[in-house]
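Asks: Build me a structure from this.
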Amino acid sequence: MGRGFGVNRNQKQKKHMKTQITSALITDSQRLVSAKSRFGHSIPIYDDGFGPLFIHRDSMGISGVVRAQSWEDAYSICEDEFFPSADSEAVAKPYSELTPHEQACWDEAYGYRPNGIGGPTPKQDCGLYAKDLNGDSLELLTPELLERLEITLQIENE
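Replies: Model prediction:
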C-alpha cells in the first residue's frame, strides 16, 4: 500500500471542481434561449438540459455557449456543433497510408466528431472537423467572464 497521496489530492480536486461547476448562471428549471455579443450578433448555443454554462473560444473569438453537465460533455458538444467541417484534403488519402509525419500533421489539424456528421454545415460534413491550429479554450461561464466579454444571455423558465 502506498501513502495515499493520490486519494486525498483527487478528493480535494473533485471537491474544488464541484464547487466551481456549481457556480452556474442557470438552474436546471431554466433553459438557454439565446446569446448575443456586445455588438448584438447571435452567438451559437447548445442547451443539453442540465448543468452549468461553458463558453468556447478559438483564435477568431467566441464560437459558442454550451450547457452541459461536465467540461468533457461540453467539449464533446463543441466538437459536434461548433467546430468547422474539415476540408476535402482531410480525407484525400486514407489515414493508414500516411507516413508517420503526415499522420502527426493530420492529428494536429483534424479531429473526429464524437457523434459522426454534424457541425455548422452538416450536409457538407464527413464526420471530421478542422482544429484551430492557433488554439481554443472551453471555460466555465461565470458572471465575471460574462461581464468582461459583454455577452447578453436570454434564459427562460420552463
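
Asks: in the protein, which spans are strands?
Replies: Assigned by DSSP state E, the chain shows strands spanning 30-36, 45-47, 53-58, 61-67, 110-112, 128-130, 136-140, 152-157.

Asks: closest to Glu81 out of those?
Replies: Counting by Cβ to Cβ, Glu81 lies closest to strand 45-47 out of those; the figure is 5.1 Å. (C-beta placed from N, C-alpha, C; glycine too.)

Asks: re the thing from before, dump the strands of the chain to CSV, plus mean neighbour count and mean pLDDT.
Replies: As requested, the strands of the chain are exported to CSV (neighbours: other Cβ atoms under 10 Å; pLDDT from 0 to 100):
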stretch, mean neighbour count, mean pLDDT
strand 30-36, 16, 93
strand 45-47, 18, 93
strand 53-58, 22, 94
strand 61-67, 21, 94
strand 110-112, 15, 86
strand 128-130, 20, 86
strand 136-140, 15, 93
strand 152-157, 12, 91
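
Asks: So for Ala86, which of those strands sits nearest?
Replies: Among these, the nearest to Ala86 by Cβ to Cβ is strand 128-130 (3.8 Å).

Asks: Using the record's domain definitions, break this protein down for me.
Replies: 35-83+136-158, 84-130 (automatic domain parsing).

Asks: Please identify the most buried of those domains.
Replies: domain 35-83+136-158 (a mean of 16; mean count of other Cβ atoms under 10 Å).

Asks: Show me the one of the strands of the chain that comes nearest Cys78.
Replies: Set against Cys78 and scored by Cβ to Cβ, the strands of the chain come closest in strand 53-58, at 4.6 Å.

Asks: quick one: strands adjacent to the closest one?
Replies: Strand 53-58 pairs in its sheet with strand 61-67 (antiparallel), strand 136-140 (antiparallel), by DSSP bridges.

Asks: Give me the residues contacting it.
Replies: Strand 53-58 is contacted from outside by 24-26, 32, 62-68, 71, 74-75, 78, 82, 132, 134-141, 145, 149, 151, 153, using Cβ atoms under 8 Å, 6 or more residues apart in numbering.

Asks: And for stretch 34-43?
Replies: Contacts of stretch 34-43 (Cβ under 8 Å, 6+ apart): Pro44, Ile45, Ile62, Gly64, Val65, Leu149, Glu150, Ile151, Thr152, Leu153, Gln154.

Asks: hmm, try it at 7 Å
Replies: Residues outside stretch 34-43 that contact it (Cβ atoms under 7 Å, 6 or more residues apart in numbering): Ile45, Ile62, Gly64, Val65, Glu150, Ile151, Thr152, Leu153, Gln154.
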